[in-house]
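Colleague: With the input below, show me the fold.
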Amino acid sequence: MKLVCLSDTHEQGRKIDVPYGDVLIHCGDLTYGGKSPAVVNELEWLVSLPHRWKLFIAGNHDFLFEQQPHEVKAILNHYKGDLIYLEETGMEIDGVKFWGSPYQPEFLGWAFNRKRGKELASYWAKIPDHVDVLITHAPPFGFGDTNGDIYDKRFGDQDLLDRVLKVRPKYHVYGHAHGGYGQYEFNGIKFINCASCNERYEPVNPPVVIDYDVNIS
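Modeller: Residues are numbered from 1 along each chain as shown. Reported below is the predicted structural model:
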């Protein structure tokens, strides 16, 4: 099974060369401001891609998903069967278990912000004990969680990392930290920051392709 992962496209998805695969995974921030027309435009882009399965979550820029869930539901009903939106939900494809969550540590007034500590950890606690591919917008602490020359301080979440190390998915894919794009490995888990845009919101990072061996699930 070929997984194609990207994130933080910020209304520039059509500028990105997206390779073919079985499952497309978008880790949030489809939009920049989260308005309804932008959301529809980016969902149309996702639908236009040829992948059989298209999984996505929201990110901190995707305000509509948190503020107007009923409107989002109506929009998604239009694409029923073409797009799968995960918000603390999961699904299984050919024996591979996926789970998605849009939350991240509180920062200014963005969407899906929650306070570090007990509040945010309560969301991570909902991640199932058995998941193969974990999809979050937030990075875990220590793995691709900086914005480089603009913001060097790590802003990944320690409680998320603790939960990941307990659950032990084969892959944890995320974005949010544009400068942290890259692949990392620790304790047998592959951490992948697949943010498409750099710190200047230029879509310069290619999607990350994972050749997932379904025989080891």
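Colleague: which residue is nearest the middle of the chain?
Modeller: Nearest to the mean C-alpha position of the chain, counting by C-alpha atoms, centre = their mean, stands residue 27 at 1.7 Å.
Colleague: Verify the stated contact: that one with residue 9.
Modeller: No. Assessed by C-beta atoms under 8 Å, residue 27 is found out of contact with residue 9, at 9.8 Å. All C-beta atoms are positioned from the backbone trio N, CA, C, and that covers glycine.
Colleague: Just name whatever secondary elements the helix of greatest length in the chain is in contact with.
Modeller: The helix spanning the most residues in the chain, taking DSSP state H as the definition, is helix 36-48. Under the contact criterion of 3 or more C-beta pairs under 8 Å, 6 or more residues apart in numbering; DSSP states H and E, helix 36-48 touches strand 53-56, helix 63-67, helix 69-78.
Colleague: Which residues does the last one contact?
Modeller: Identification of contacts with helix 69-78 by C-beta atoms under 8 Å, 6 or more residues apart in numbering yields 36, 39-40, 43, 64-65, 83, 85.
Colleague: Return a selection command, for use in PyMOL, containing the buried ones of these.
Modeller: Buried members of these, defined by 16 or more other C-beta atoms under 10 Å, are picked up in PyMOL with:
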select buried, resi 39+43+64+65+83+85
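Colleague: Using a markdown table, lay out the contacts of helix 69-78 together with distance to residue 1.
Modeller: Converted to a markdown table, the contacts of helix 69-78 look like this (distance: C-beta to C-beta, whole Å):
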| residue | distance to residue 1 |
| --- | --- |
| 36 | 33 |
| 39 | 28 |
| 40 | 29 |
| 43 | 23 |
| 64 | 31 |
| 65 | 27 |
| 83 | 19 |
| 85 | 20 |
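Colleague: Tell me which of the helices and strands packed on helix 36-48 sits nearest to residue 187.
Modeller: strand 53-56 (24.8 Å; C-beta to C-beta).
Colleague: chain center to the closest one: distance?
Modeller: What separates the centre of strand 53-56 from the centre of its chain is 10 Å, taken as C-alpha atoms, centre = their mean, to the nearest Å.
Colleague: go on, stretch 165-181?
Modeller: 9 Å.
Colleague: Ok, stretch 197-204 next?
Modeller: Mean-position distance between stretch 197-204 and its chain equals 16 Å (C-alpha atoms, centre = their mean).
Colleague: ends of it, how far apart?
Modeller: In terms of C-alpha to C-alpha, to the nearest Å, the two terminal residues of stretch 197-204 are separated by 6 Å.
Colleague: do stretch 184-193 as well
Modeller: Taking C-alpha to C-alpha, the first and last residues of stretch 184-193 lie 8 Å apart.
Colleague: re the thing from before, quick check: chain neighbours aside, which residue is closest to the residue nearest to the centre of the chain?
Modeller: Distances taken as C-beta to C-beta, 6 or more residues apart in numbering put residue 7 closest to residue 27, at 3.5 Å, once the chain neighbours are dropped.
Colleague: Can you give me the neighbour number for that neighbour?
Modeller: Using other C-beta atoms under 10 Å, residue 7 is surrounded by 33 other residues.
Colleague: again with residue 121
Modeller: Around residue 121 there are 17 other residues, counting by other C-beta under 10 Å.
Colleague: Mind pulling the model confidence for it?
Modeller: Residue 121 carries a pLDDT score of 98 in this model.
Colleague: wouldn't it be in contact with residue 159 here?
Modeller: Yes. Taking contacts as C-beta under 8 Å, residue 121 lies within contact range of residue 159: 4.1 Å.
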